[in-house]
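Trainee: Dropping the sequence and predicted coords here.
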Amino acid sequence: MDIVRHGMGSRFSEMSIVDLGTAKLIYIAGQVAQDTSLDVGGQTREVLIFIDQLLAQAGADKTNITSARIYLSSVGDYAAMNSVWDDWVPQGHTPARSTIGAKLILSEYKVEIEVTAAI
Amino acid sequence: MDIVRHGMGSRFSEMSIVDLGTAKLIYIAGQVAQDTSLDVGGQTREVLIFIDQLLAQAGADKTNITSARIYLSSVGDYAAMNSVWDDWVPQGHTPARSTIGAKLILSEYKVEIEVTAAI
Amino acid sequence: MDIVRHGMGSRFSEMSIVDLGTAKLIYIAGQVAQDTSLDVGGQTREVLIFIDQLLAQAGADKTNITSARIYLSSVGDYAAMNSVWDDWVPQGHTPARSTIGAKLILSEYKVEIEVTAAI
């Protein structure tokens, strides 16, 4: 068993990968938008691009996602977030998902998404 | 390694199962009550039935749960949720658990529970 | 496959360990401070000690942490929590992490941290 980190900072890593030999389990840190001036749809789009990029670094893609946790600063943004999510999520491979309202670290953040995956 | 989805919708699946060959890791989506007129005890009861049903589809049961995350729309409902949980959770097999207060997607939802399991 | 529980109570366990034979996956319950009179820094310090102790019971340590989820009762405490976290988290082994604001079960709780690990 081996743990590999990607996007490693001194505080946290963007991704941890547990290599079990026959499979890898992937844990991706909660992703937020870099351009915080965007509305919830634009922020969701950015977040999902970051997740795609991290999965690619692990040799995986969005069909490998097992679970997603979505934090919205306003639950009233549920439909707007979903309209971007629905265009992105791969049909036939939709993950288990939970969505809740929560305070995010910057008041400009409208959405944060964290996922686990397996490959 | 293989990922199997149950209760698959176009937006998310109710359950993802990672088949490692020697073991399966189960990720269940956050479950909420269907009858939102119920009080927190009644909603918890419904949610736990849904979790039992999903685990059964994976060939597992509640003794296989490894972790649970409970979201309450009002933390004042902690005792009422627990009284239903305590009757349900299998003695000798209690999972790691976290409970926090959070806004849920519908204002009628009083509790949402998400679990992971292994078999 | 075997699931071992530590700190098992009738409601939940402090830790579940999934033994896959070649590796173990560890799920630790959300940890809160015992001395709720402490400020957020002091509570974070206590919580991280509890996590260290649980990991040791699993034969692991903080370099094995794969993901962490931090719940703050006030997101304004982010910097104060981080100053304790940054002193504790092992360089070269930082986990994937998410931090959100949430209501905690006791109003005196300022921080709750839940982690997963692998060994």
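Mentor: In hand now; what should we look at? This structure is a prediction, so every number in the text was calculated from the model and none was measured.

Trainee: show me where chain A has helices.
Mentor: In chain A, the helices defined using DSSP state H lie at A:40-57, A:78-88.

Trainee: just these: most buried one?
Mentor: Greatest average neighbour count among the helices of chain A goes to helix A:40-57 (a mean of 19), per mean count of other C-beta atoms under 10 Å in any protein chain shown. The C-beta positions use only the backbone N, C-alpha and C, and glycine is treated the same way.

Trainee: and that helix, what's its mean pLDDT?
Mentor: Mean pLDDT, helix A:40-57: 98.

Trainee: what do you get for stretch A:64-77?
Mentor: Stretch A:64-77 comes out at a mean pLDDT of 98.

Trainee: okay, that stretch in PDB with CA atoms only?
Mentor: Output of stretch A:64-77 as PDB, limited to C-alpha atoms (Å, rounded to 0.1, in the frame of the first residue of the first chain):
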ATOM      1  CA  ASN A  64     -14.400   6.900 -12.100                       C
ATOM      2  CA  ILE A  65     -16.100   9.200  -9.500                       C
ATOM      3  CA  THR A  66     -17.700   7.200  -6.800                       C
ATOM      4  CA  SER A  67     -19.100  10.000  -4.500                       C
ATOM      5  CA  ALA A  68     -19.400  13.700  -4.600                       C
ATOM      6  CA  ARG A  69     -20.200  16.200  -1.900                       C
ATOM      7  CA  ILE A  70     -21.500  19.600  -2.900                       C
ATOM      8  CA  TYR A  71     -21.500  22.600  -0.600                       C
ATOM      9  CA  LEU A  72     -23.600  25.600  -1.600                       C
ATOM     10  CA  SER A  73     -23.300  28.900   0.200                       C
ATOM     11  CA  SER A  74     -27.000  29.400  -0.800                       C
ATOM     12  CA  VAL A  75     -29.300  26.400  -1.400                       C
ATOM     13  CA  GLY A  76     -31.300  28.700  -3.600                       C
ATOM     14  CA  ASP A  77     -28.500  28.100  -6.100                       C
END
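
Trainee: can you count the residues close to residue A:33?
Mentor: Other residues near residue A:33 number 23, with proximity taken as other C-beta atoms under 10 Å in any protein chain shown.

Trainee: same question, residue A:34
Mentor: Neighbours of residue A:34 (other C-beta under 10 Å): 11.

Trainee: For the closest residue to it other than its chain neighbours, give me its contacts.
Mentor: In space, residue A:34 comes closest to residue A:46 once its chain neighbours are excluded; the distance is 6.3 Å by C-beta to C-beta, 6 or more residues apart in numbering or on different chains. Residues counted as contacts of residue A:46 (C-beta atoms under 8 Å, 6 or more residues apart in numbering or on different chains) are A:33-35, A:38.

Trainee: my guess is residue A:119 contacts residue B:2, does it?
Mentor: No - with contact defined as C-beta atoms under 8 Å, residue A:119 does not count as touching residue B:2 (10.9 Å).

Trainee: which of the two has more neighbours?
Mentor: Comparing residue A:119 with residue B:2 by other C-beta under 10 Å, the one with more neighbours is residue A:119, at 18 against 11.

Trainee: Roughly how far does the nearest residue to that one once chain neighbours are set aside sit from chain C?
Mentor: Counting by C-beta to C-beta, 6+ apart, residue A:119 lies nearest to residue A:60, which is 4.3 Å off, once chain neighbours are set aside. For residue A:60, the distance to chain C (C-beta to the nearest C-beta, to the nearest Å) stands at 14 Å.

Trainee: Distance-wise, check residue A:60 relative to residue B:47.
Mentor: Using C-beta to C-beta, to the nearest Å, residue A:60 is found at 31 Å from residue B:47.

Trainee: And the strands in chain A?
Mentor: With DSSP state E as the criterion, chain A has strands at A:2-8, A:13-19, A:24-31, A:65-72, A:96-101, A:111-118.

Trainee: Would you mind listing the buried residues in stretch A:88-100?
Mentor: Buried positions in stretch A:88-100, judged by neighbour count with 16 or more other C-beta atoms under 10 Å in any protein chain shown: A:89, A:93-100.

Trainee: Greatest separation within those: which pair is it?
Mentor: Pairwise distances across those peak at 23.0 Å for A:93 and A:100 (criterion: C-beta to C-beta).

Trainee: Now distance to residue A:78 too, for the contacts of residue A:46, in a markdown table please.
Mentor: Shown next, in a markdown table, are the contacts of residue A:46 (distance: C-beta to C-beta, whole Å):
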| residue | distance to residue A:78 |
| --- | --- |
| A:33 | 17 |
| A:34 | 23 |
| A:35 | 21 |
| A:38 | 17 |
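
Trainee: just the residues you listed now: which is nearest chain B?
Mentor: Taking C-beta to the nearest C-beta as the measure, chain B lies nearest residue A:33 of the contacts of residue A:46, at 20.0 Å.

Trainee: Quick check, that closest one in contact with residue A:41.
Mentor: No - the pair residue A:33 and residue A:41 does not pass the contact test of C-beta under 8 Å, sitting 10.6 Å apart.
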